[in-house]
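Trainee: Dropping a prediction and its sequence here:
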Amino acid sequence: MAEDPQRNFRSVYYEKVGFRGVEEKKSLEILLKDDRLDIEKLCTFSQRFPLPSMYRTLVWKVLLGIIPPHHESHALVMKSRKEQYRDVYHALQVIRFIKDSTPQVEIFLRVHQLELGKLPHNPSFLLVKDEIFLAIAKAMEEMVEDTIDCYWLVSCFVNQLNNKYKDSLPQLPKILEQYLNLEDSRLLAHLKACSAMSKLPYNLWFKKCFAGCLPESSLQRVWDKVISGSCKIIVFVAVEILLTFKMKIIALNSAEKITQFLENIPQDNTDAIVSKAIDLWHKHCGTPVHSV
Amino acid sequence: YLEDVKIQARGQLQAVESRYKAQKRITQTFELEILDLYGRLEKDSLLKKLEDEKTEAAE
Amino acid sequence: YLEDVKIQARGQLQAVESRYKAQKRITQTFELEILDLYGRLEKDSLLKKLEDEKTEAAE
């Protein structure tokens, strides 16, 4: 795909600070003024536009069901959520499962595990799903300032991946192959020739939802789409990563080297990668109709 | 409007119920911890007894 | 009728609140038990350590 870097730079720029951004922010503000928030409209908005940073935490909390649609209930519900977190946190201290020196993300993991009734016997042993939780928590910690908000967002986001997207996530490698074939069949052929297709960093891309792969400023724009109901967007981010680093990948001729490179991609161009991925996703899956 | 009130009530109820469930999990966790601690105490006192006997035998 | 629904909703909320509080009291009782057990375990291991030191000194 021959792309025009100038055009992409401009569209990223306008999305962030330009006229389009201002209009979008206004229409989101109108949506947020309703006494009872319209979840469906908020979903459509997030699918279509990047969320302005100042409203991101609020919208994510509503979409993930941490706070209910009625404004009037928000204070009461958040008070309850806060108490719940504190109760469990205190319990973990009593049984000496956490100490003052325990890192915040590990505290989140233990609180989450206790709430599910799945606190492990041996805390020093981490399962793959614990590592996924920790990676997502680390990224969320960079995006969300308030500890209580952050815990609930991590916990509900992980639950969303494990429940709502449980059946879709294993399908994504196959879908990735389909779209890569449409966009650049030569690159796909190269990856297949190196037997790299089965060894791509799928855990990092799909299970961790790019946490630890993309810097948080780019990542949150992907999570806007995932939280508002599309896990397919992450396939297009993967496609764009492959397309962006095509030259580098073609120069590498072993699956191990390709995987190693993709697990540590350069962090300077990721905003453009995400913008192109969103464009590609809209191109293939259509743009959701947004009515305010 | 009636529907609205119902939805609002459900939203509040869900949060309070989840807090209650978490509290229940805490109770269960504490129960297990207590059993574990009793087990450790008994093991300790058993070991101590064995050692005492050994010392006595040696004397 | 609307008033009715509101009263009902408040009733449900209060019921869960009081269940939560009851559960929390149980948790607090267990917490004291755990603290006590830890105390005993630590005392035991401290005693053992002292005794071991005594034995070593005697040898």
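Mentor: Okay, I see it. Residues are numbered from 1 along each chain as shown, chains lettered A, B, ... in the order given.

Trainee: ok, now which ones touch the residue nearest to B:Lys6 when sequence neighbours are not counted?
Mentor: Leaving aside its sequence neighbours, B:Lys6 sits nearest to C:Val5 (CB to CB, 6 or more residues apart in numbering or on different chains; 6.4 Å). In this view, the C-beta of every residue, glycine as well, is placed from N, C-alpha and C. Going by CB atoms under 8 Å, 6 or more residues apart in numbering or on different chains, C:Val5 touches B:2, B:5-6, B:9.

Trainee: Also A:Gly65?
Mentor: Neighbours of A:Gly65 in contact, by CB under 8 Å, 6+ apart: A:156, B:14.

Trainee: what kind of secondary structure is it in?
Mentor: Using DSSP: H, G, I helix; E, B strand; the rest coil, the structure places A:Gly65 in coil.

Trainee: residues in chain A within reach of chain B, list them.
Mentor: Residues of chain A lying close to chain B by CB under 8 Å from any CB of the partner chain are A:36, A:65, A:67-70, A:72-73, A:76-77, A:80-81, A:83-84, A:87-88, A:91, A:94-95, A:114-117, A:119.

Trainee: Please produce a PyMOL select command covering the buried subset of the residues you listed.
Mentor: Buried residues among those (16 or more other CB atoms under 10 Å in any protein chain shown), as a PyMOL selection:
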select buried, chain A and resi 65+67+68+69+70+73+76+77+80+81+83+84+87+88+91+94+95+114+115+119
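
Trainee: related to what we said a few turns ago, specify the local secondary structure of the residue nearest to B:Lys6.
Mentor: Recorded secondary structure, C:Val5: helix (three-state DSSP).

Trainee: hang on, the earlier thing: of the contacts of C:Val5, grab the buried ones for PyMOL.
Mentor: Buried members of the contacts of C:Val5, defined by 16+ other CB under 10 Å, are picked up in PyMOL with:
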select buried, chain B and resi 5+9
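
Trainee: Which two of the contacts of C:Val5 have the greatest separation?
Mentor: Put simply, by CB to CB the two of these set farthest apart are B:Leu2 and B:Ala9, 10.9 Å from each other.

Trainee: pLDDT score assigned to residue 13?
Mentor: With no chain named, the answer covers chain A. With respect to pLDDT, A:Tyr13 scores 47.

Trainee: oops, I was thinking of chain B
Mentor: 95.

Trainee: Burial check on it, number of neighbours?
Mentor: 18 (other CB atoms under 10 Å in any protein chain shown).

Trainee: circling back: okay, and which of the residues of chain A next to chain B map to helices?
Mentor: If you go by DSSP state H, these have A:76-77, A:80-81, A:83-84, A:87-88, A:91, A:94, A:114-116 in helices.

Trainee: farthest pair in the residues you listed?
Mentor: Of all the pairs that those form, the one spanning the most space (CB to CB) is A:Leu76 and A:Val94, at 27.2 Å.

Trainee: And A:Ser168, how far from chain B?
Mentor: Plainly put, A:Ser168 is 25 Å away from chain B if you go by CB to the nearest CB, to the nearest Å.

Trainee: List the contacts of that residue.
Mentor: Neighbouring residues of A:Ser168 by CB under 8 Å, 6+ apart: A:231-232.

Trainee: again, but for A:Val235
Mentor: A:172, A:175-176, A:179.

Trainee: Chain neighbours aside, what residue packs nearest to the residue of the stretch 51-200 of chain A found nearest chain C?
Mentor: Nearest residue of the stretch 51-200 of chain A to chain C, counting by CB to the nearest CB: A:Val94, 5.3 Å away. Spatially, and ignoring its direct neighbours in sequence, A:Val94 is nearest to C:Glu31 (5.3 Å; CB to CB, 6+ apart).

Trainee: swap in A:Ile250?
Mentor: A:Ile250 sits nearest to A:His190 (CB to CB, 6+ apart), 5.6 Å away.

Trainee: circling back to that earlier point, please identify, among the contacts of A:Val235, the one with the most neighbours.
Mentor: With neighbours set by other CB under 10 Å, the maximum within the contacts of A:Val235 is found at A:Leu176, which has 23 neighbours.

Trainee: pLDDT score for it?
Mentor: Model confidence at A:Leu176, given as pLDDT, is 97.

Trainee: tell me which element it falls in.
Mentor: A:Leu176 is part of helix A:172-183 when elements are defined by DSSP states H and E.

Trainee: Residues contacting that helix, please?
Mentor: Residues from elsewhere that reach helix A:172-183, judged by CB under 8 Å, 6+ apart: A:1, A:187-188, A:191, A:197-198, A:200, A:202, A:205-206, A:231-232, A:234-236, A:238-239, A:242-243, A:280, A:284.

Trainee: burial of the closest residue in space to A:Leu188 that isn't next to it in sequence, as a residue count?
Mentor: Excluding its sequence neighbours, the residue lying closest to A:Leu188 (CB to CB, 6+ apart) is A:Leu180, at 4.7 Å. Neighbours of A:Leu180 under the rule other CB under 10 Å: 19.
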